[in-house]
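Peer 1: Have a look at this prediction, sequence included:
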Amino acid sequence: MRRLPIVGLGLITLSIVLGLVAPVSSAMAAGSAVTQPVADVVEVLKVDGLLDPVMGDFILDSIAAAEAEGVVALVLQTDSAGSVLNDDDLTALIDAVRTATIPIWVWIGPSGSAALGATALLGGHADGFAMAPGTSWGLDGAVVPSALLEGVRREVPSGIVESDGAQVAGPSEMAPTIGDLIVRLEGMQTREVEVDGVVRLEPVTPVRFSQLPLLQSLLHAVASPAVAYLLLTVGLALLIFELFTAGVGVAGGVAAGSLILGCYGLAYLPFRWWALALVVLSMLAFSVDVQTGVPRVWTGIGMAMYVVGSLWLFDGVSMSWITLTVAIVGVFLTFSSGIPSMIRTRFATPTIGREWMVGEMGRAVTAVAPDGVVQIRQALWRATTNRATPIDELDAVRVVGIDGLVLEVEPEKGGARDYRDRSPKSD
């Protein structure tokens, strides 16, 4: 199984430095009193989201640890809409489930859960299989290596089979809750208890629940289509905003982090290159109008490219309409009014009668070569100068013209004209 890529390792190192890495696992000892220590344990592993390399490695490591510990059984509590593992990694995972020296069960639950696509193969090759009412199971038309369909303990439906609470097609069991399944496991020690007049079985053998540690959970979430798409969108939008404001601030840092995580997620998801290119190019189209401060034709072109790129971005995995609607409406509002308004507020002074500014002196907040930021009467402005006369940071500048919201400036000395003397010429 392929391990985390360099980007993932870098994020792990960073998180260790920040003290963020802490396993998120909970242990439950079912039963209020155990008279003597029990060496065995039942391990319940939570498998949710797309079956990606992060989750695949977690399952493999958990199987190896469970075999070394000699647990009574390993139960995979599954809720997954599919797999993005390549054929080699998927084969390695299925082989580990099929050849494990301990019993491995797959339980699809709770109600509303599913095991679809290549993830359904886990149920086909596990020693035991159970479903909660209101769950579904099957390949759902996914194409998987034919070798993985051979030697299955139970036939995996090519479509989708739904559990109605009464019966399920194929050799399986009904288990409304994980507890109902655990008390029936072979080798499980139980006792009878009476609850509200009803006699039920209660586990004596300890039950341990495990899930992805914090950092791995973060990387697993980032590799989901909705999160990767939103991170990519937020990163690109903030990058455009940062390019049209003075200096590198919080927006630039958040943009960089979002783009890194978004690209990490895309690395594991099947996407179309041309659709990704449309999303990126849409941001360039937006930037044409952003610099003028007024949404025009390029904003419309950008929206068209962004919508098409978003709808066809992923190949084989899908996003909800809620995610797409929020992103598209958010981008439209951001580039039609949000960013232009913020830029006008940051860089503009009163827009009526700005002719007085021609000839005004100020200073360069950043180097102007040929574009930069200057300060005129305590207000920040985007500025440009002739390429042959670059202006260094903090140098004195003179305004020689105004083009929309951008000032044309020149050095205090060496300019083509001197506007300081504005006294009327004598005839």
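Peer 2: Good, I have the coordinates. Residues are numbered from 1 along each chain as shown.
Peer 1: When you work out contacts or count neighbours from here on, use the C-alpha atoms and nothing else.
Peer 2: Noted.
Peer 1: quick one, helices of this structure?
Peer 2: 6-18, 53-69, 87-98, 120-125, 178-182, 214-222, 225-243, 250-268, 273-290, 297-311, 321-333, 339-347 (DSSP state H).
Peer 1: Can you measure across stretch 68-85, start residue to end residue?
Peer 2: 26 Å (Cα to Cα, to the nearest Å).
Peer 1: Low-confidence regions, the stretch 101-250 of the chain specifically.
Peer 2: By pLDDT under 70, the weakly predicted segments of the stretch 101-250 of the chain are 165-173, 245-249.
Peer 1: Strands along that one, start to end?
Peer 2: For the stretch 101-250 of the chain, the strands defined by DSSP state E, counting those that start in this stretch cover 104-108, 114-116, 128-131, 136-138, 161-162, 173-174, 190-195, 198-203, 207-210.
Peer 1: Most tightly packed of those strands?
Peer 2: Among those, the stretch with the highest mean neighbour count (mean count of other Cα atoms under 10 Å) is strand 114-116, at a mean of 29.
Peer 1: thinking in terms of the whole chain, how far from its middle is that strand?
Peer 2: Computed by Cα atoms, centre = their mean, to the nearest Å, the chain-centroid distance of strand 114-116 equals 21 Å.
Peer 1: coming back round to it: of the strands of the stretch 101-250 of the chain, which is nearest residue 370?
Peer 2: When these are compared by Cα to Cα, strand 114-116 sits nearest residue 370, at 56.4 Å.
Peer 1: Output the contacting helices and strands for the closest one.
Peer 2: Packing contacts for strand 114-116, counted by 3 or more Cα pairs under 8 Å, 6 or more residues apart in numbering; DSSP states H and E, involve strand 73-79, strand 136-138.
Peer 1: which one of those lies closest to residue 322?
Peer 2: The closest of those to residue 322 is strand 73-79. By Cα to Cα, the value is 20.4 Å.
Peer 1: And for that closest one, what's in contact with it?
Peer 2: 41-49, 63, 66, 102-109, 113-115, 178, 185 (Cα atoms under 8 Å, 6 or more residues apart in numbering).
Peer 1: make it 6 Å
Peer 2: By Cα atoms under 6 Å, 6 or more residues apart in numbering, the residues outside strand 73-79 that reach it are 42-48, 103-108, 113-115.
Peer 1: ok, back up a step: please produce a markdown table containing the helices of the chain, extended by distance to residue 408.
Peer 2: Below are those laid out as a markdown table (distance: least, Cα to Cα, whole Å):
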| stretch | distance to residue 408 |
| --- | --- |
| helix 6-18 | 43 |
| helix 53-69 | 53 |
| helix 87-98 | 59 |
| helix 120-125 | 65 |
| helix 178-182 | 71 |
| helix 214-222 | 44 |
| helix 225-243 | 19 |
| helix 250-268 | 26 |
| helix 273-290 | 18 |
| helix 297-311 | 24 |
| helix 321-333 | 30 |
| helix 339-347 | 14 |
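Peer 1: wait, which of those helices is closest to residue 80?
Peer 2: helix 120-125 (8.6 Å).
Peer 1: Turn the strands of the stretch 101-250 of the chain into CSV, including distance to residue 259.
Peer 2: Below are those laid out as CSV (distance: least, Cα to Cα, whole Å):
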stretch, distance to residue 259
strand 104-108, 34
strand 114-116, 30
strand 128-131, 39
strand 136-138, 35
strand 161-162, 39
strand 173-174, 44
strand 190-195, 51
strand 198-203, 47
strand 207-210, 30
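Peer 1: that older thread, and which of the contacts of strand 73-79 is nearest to residue 233?
Peer 2: Closest to residue 233, out of all of those and judged by Cα to Cα, is residue 48, at 24.7 Å.
Peer 1: how's this structure carved up into domains?
Peer 2: The chain breaks down by automatic domain parsing into domains covering 6-31+38-211, 224-347, 354-411.
Peer 1: In JSON lines, list these along with distance to residue 217.
Peer 2: Listed next are the domains of the chain as JSON lines, based on distance: least, Cα to Cα, whole Å:
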{"stretch": "domain 6-31+38-211", "distance to residue 217": "8"}
{"stretch": "domain 224-347", "distance to residue 217": "11"}
{"stretch": "domain 354-411", "distance to residue 217": "42"}
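Peer 1: Deepest in the core, which of the helices of the chain is it.
Peer 2: Greatest average neighbour count among the helices of the chain goes to helix 120-125 (a mean of 27), per mean count of other Cα under 10 Å.
Peer 1: Report the distance from that one to the chain centre.
Peer 2: 27 Å.
Peer 1: Which other helices and strands does that helix contact?
Peer 2: The helices and strands touching helix 120-125, judged by 3 or more Cα pairs under 6 Å, 6 or more residues apart in numbering; DSSP states H and E, number zero.
Peer 1: change it to 7 Å
Peer 2: Here helix 120-125 touches helix 87-98, going by 3 or more Cα pairs under 7 Å, 6 or more residues apart in numbering; DSSP states H and E.
Peer 1: Mind giving me the packing neighbours of the helix it packs on?
Peer 2: Under the contact criterion of 3+ Cα pairs under 7 Å, 6+ apart, helix 87-98 touches helix 53-69, helix 120-125.
Peer 1: Ok, which of those helices comes nearest residue 234?
Peer 2: Across those, closest to residue 234 is helix 53-69 (Cα to Cα), at 23.8 Å.
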